[in-house]
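1. Prediction below, plus the sequence it came from.
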Amino acid sequence: MFVHAADGLVAMERLGNAGYDRERVLAGLAEYECEEIDGSRLTEKARKALIKDARSFSMRKHVIVGDVFGSNQHPWTEFGTAVPALLVYELVEGQPSCVGLYPHQALDGHFHTIPEEGHYHTIAAYVSELGLTSYPG
C-alpha cells in the first residue's frame, strides 16, 4: 500500500525521504498488487488503522517509525503526506499483516535514534533492493 499526498508535496529535507521519486516508485510497483492512497484524503479511522499496522510492524522488528513521520513531540503528523509511506503486507494465517514499512529508522542498541542518513530504510532503497526499478546510487 503506497500512501502519499496526491499533490506531490514531499519534505525532501527529511532523511526518510532520501532518494524519493514518486514516479519511479509507481513505475516499480506497477506490476504488483499495490493500492495507492492519497494520504491527504484519509479519514481519521483509515489513518489510525494504517498507523496501527505500522506500529505493529515496528514492535515486531524493533525499528522507529512514528518519529520518521513527524517528530518526537508530534509523531505521525506527516504520515503519507510530507513523508510518503509504503506498507508491505503478506497473508499470515489468512489475514493481511504488515511485514514492512518504509521509511523506518534502525536502532543503535541503546534505544535512541541515530540521525545519520545511513540508518534510514527508505522507500527508494527498498524498491531498489527488490530490483523493482533502478534508482541512482
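-> In hand now; what should we look at? Numbers count the residues shown, from 1 in each chain.

2. which stretches of this structure have low pLDDT?
-> Of all residues in the chain, those with pLDDT under 70 make up the ranges 108-118, 131-137.

3. Where do the helices of it begin and end?
-> If you assign secondary structure with DSSP state H, the helices in the chain sit at 22-29, 44-61, 123-129.

4. Can you lay out these as CSV showing distance to residue 77 and mean neighbour count?
-> The C-beta positions use only the backbone N, C-alpha and C, and glycine is treated the same way. As requested, the helices of the chain are exported to CSV (distance: least, C-beta to C-beta, whole Å; neighbours: other C-beta atoms under 10 Å):
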stretch, distance to residue 77, mean neighbour count
helix 22-29, 20, 17
helix 44-61, 11, 15
helix 123-129, 18, 19
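
5. Now tabulate those in CSV and tack on distance to residue 100.
-> Below are the helices of the chain laid out as CSV (distance: least, C-beta to C-beta, whole Å):
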stretch, distance to residue 100
helix 22-29, 13
helix 44-61, 7
helix 123-129, 7
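
6. So which of these is nearest residue 97?
-> For residue 97, the closest of the helices of the chain is helix 44-61, at 7.7 Å, according to C-beta to C-beta.

7. what comes into contact with the closest one?
-> Among residues not part of helix 44-61, those counted as contacts by C-beta atoms under 8 Å, 6 or more residues apart in numbering are 1, 3, 42, 63-66, 76, 79-80, 85, 87, 89, 97-101, 104.

8. count of neighbours near residue 43?
-> Using other C-beta atoms under 10 Å, residue 43 has 8 other residues around it.
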